[in-house]
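K.L.:
From the sequence below, what's the structure:
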Amino acid sequence: MQYDDSIERSRQYLRLALELIGKHGLPTDPLNYCIWYEYASGKNAQLNTAIDKYLQDKAVFSEETSRQLFNQYIANGREAVTTLVREELKKVFAEIMGAIRITNQQFSQSENNLENINESLVPTLTEADVEMIVNQIKQEIKRLESSSGAFKEQLQQATREIDQLKIKLARYQNEALKDPLTRIDNRRGFEQKLKDAIGRADASKNPLCLIMVDIDHFKKINDAHGHLVGDNVLRMVAATLKDSIKGRDLAARLGGEEFAILLPDTPFDGAIKLAEDLRLTFERLDLKKKSTGESLGKITLSFGVTTYNIGEAAEDFVNRADEALYQSKKTGRNRVTGL
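P.N.:
Numbers count the residues shown, from 1 in each chain. You can find the predicted model right below:
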């Protein structure tokens, strides 16, 4: 997001952001600052809605929650994530450069002192003069050892901080590919894995199948039982899909109540069988609300299955699976269609 606020307005947002960070007991790191500055400015409506909803449902913000909010409503890709880490790297480099400057100053001082000592080594030195010079040299050696040791420790600390930033960057990038509600891959993660799977299929000529999945009449679940129950249904569906696959297979939530299952090295009849097994699994479920025991009624899913044609565009592959899913919805739902 671009910021064009006045200095005074920015200061107001800063004060409010810091108050909110303190109120919720969060560390004042760049990620939390970014989230709550955006919240304070009120310019990111989706972020504010998500935070307000979270505050209504739960009492404590966690580091995990902050990462999810950042990735879903602010990052929207690698550029913002790397910018965040880059700013932290700048701080580390500033510390290293400062340590180098201080060490150089100390070395320069010792060099001057040693030059002065060297100039005092004249033929007329007394025994007392020699003892004094030896003590001065020892002091300078200790000063150099101290400077070198401190510098080494600062470099080691910088190395540890950089290693932590590498871990953070990998975690942020991984989180950016995850759906925050169901914890399976989101559309971005799916598209990345789809590209990789197509590349392998083209190279190996092994089969690759795609199943598109949609929860039937999901809006009725939300309308009848509320969004919290709807969210739990989405989590349950995602977990069941994920548990049904293995190896390099992928389950992803593409948005709303739509999911996808990517099946490398799986023939078409194997994908059809998996979809039918899943359809029957959900059809037989008897879901109830935890709080009241009230039945949610039958929850069914529709499936569209297709196989990849070597060399075709990813868009054509996905569109064909979507068309198969549409046929399942059009002809009565709770069924599997293959194209």
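
K.L.:
Contact partners for the residue nearest to I100 when sequence neighbours are not counted?
P.N.:
If the residues on either side of it in the chain are set aside, I100 comes closest to F151, at 7.5 Å by Cβ to Cβ, 6 or more residues apart in numbering. Every C-beta, even on glycine, is put in place using the N, C-alpha and C of the backbone. When contacts are counted by Cβ atoms under 8 Å, 6 or more residues apart in numbering, F151 touches 99-100, 103.

K.L.:
Number of residues surrounding T240?
P.N.:
Applying other Cβ atoms under 10 Å, we find 15 residues neighbouring T240.

K.L.:
Grab the nearest non-local neighbour of it.
P.N.:
With Cβ to Cβ, 6+ apart as the criterion, T240 has its nearest non-adjacent residue at 6.7 Å, and that residue is T281.

K.L.:
possible to save the contacts of F151 as TSV with pLDDT and neighbour count?
P.N.:
As requested, the contacts of F151 are arranged in TSV below (pLDDT from 0 to 100; neighbours: other Cβ atoms under 10 Å):
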residue	pLDDT	neighbour count
A99	71	19
I100	73	13
T103	74	17
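
K.L.:
quick revisit: roughly how far apart are the residue nearest to I100 and E145?
P.N.:
11 Å (Cβ to Cβ, to the nearest Å).

K.L.:
now do I272
P.N.:
I272 is 74 Å from E145, by Cβ to Cβ.

K.L.:
What of L26?
P.N.:
42 Å.

K.L.:
So which of those two has more stuff around it?
P.N.:
L26 (20 against 10).

K.L.:
The closest residue to that one other than its chain neighbours: how many residues sit nearby?
P.N.:
In space, and not counting its chain neighbours, L26 is closest to N32: 4.7 Å by Cβ to Cβ, 6+ apart. For N32, the count of nearby residues is 22 (other Cβ under 10 Å).

K.L.:
ok, now L278?
P.N.:
Using other Cβ under 10 Å, L278 has 20 neighbouring residues.

K.L.:
Provide a list of residues in contact with it.
P.N.:
213, 240-241, 244, 301, 303.

K.L.:
ok, back up a step: quick check, the residue nearest to T240 in contact with V237.
P.N.:
No. Look at T281 against V237 with Cβ atoms under 8 Å: they stay out of range, at 10.4 Å.

K.L.:
Surely R253 and N186 touch.
P.N.:
Yes. R253 is within contact range of N186, at 6.2 Å (criterion: Cβ under 8 Å).

K.L.:
helix/strand/coil for the residue of the chain most remote from its centre?
P.N.:
Ranked by distance from the centre of the chain (Cα atoms, centre = their mean), the top residue is T124, with 72.6 Å. Recorded secondary structure, T124: coil (DSSP: H, G, I helix; E, B strand; the rest coil).

K.L.:
Tell me which residues touch L254, please.
P.N.:
Contacts of L254 by Cβ under 8 Å, 6+ apart are 186-187, 190, 260.

K.L.:
and the residues you listed as JSON lines, adding neighbour count, secondary structure and distance to R15?
P.N.:
Shown next, in JSON lines, are the contacts of L254 (neighbours: other Cβ atoms under 10 Å; DSSP: H, G, I helix; E, B strand; the rest coil; distance: Cβ to Cβ, whole Å):
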{"residue": "N186", "neighbour count": "21", "secondary structure": "coil", "distance to R15": "34"}
{"residue": "R187", "neighbour count": "15", "secondary structure": "helix", "distance to R15": "37"}
{"residue": "F190", "neighbour count": "24", "secondary structure": "helix", "distance to R15": "41"}
{"residue": "A260", "neighbour count": "25", "secondary structure": "strand", "distance to R15": "45"}
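
K.L.:
want to throw the residues you listed into a markdown table with distance to V318?
P.N.:
Formatted as a markdown table, those follow (distance: Cβ to Cβ, whole Å):
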| residue | distance to V318 |
| --- | --- |
| N186 | 15 |
| R187 | 11 |
| F190 | 9 |
| A260 | 8 |
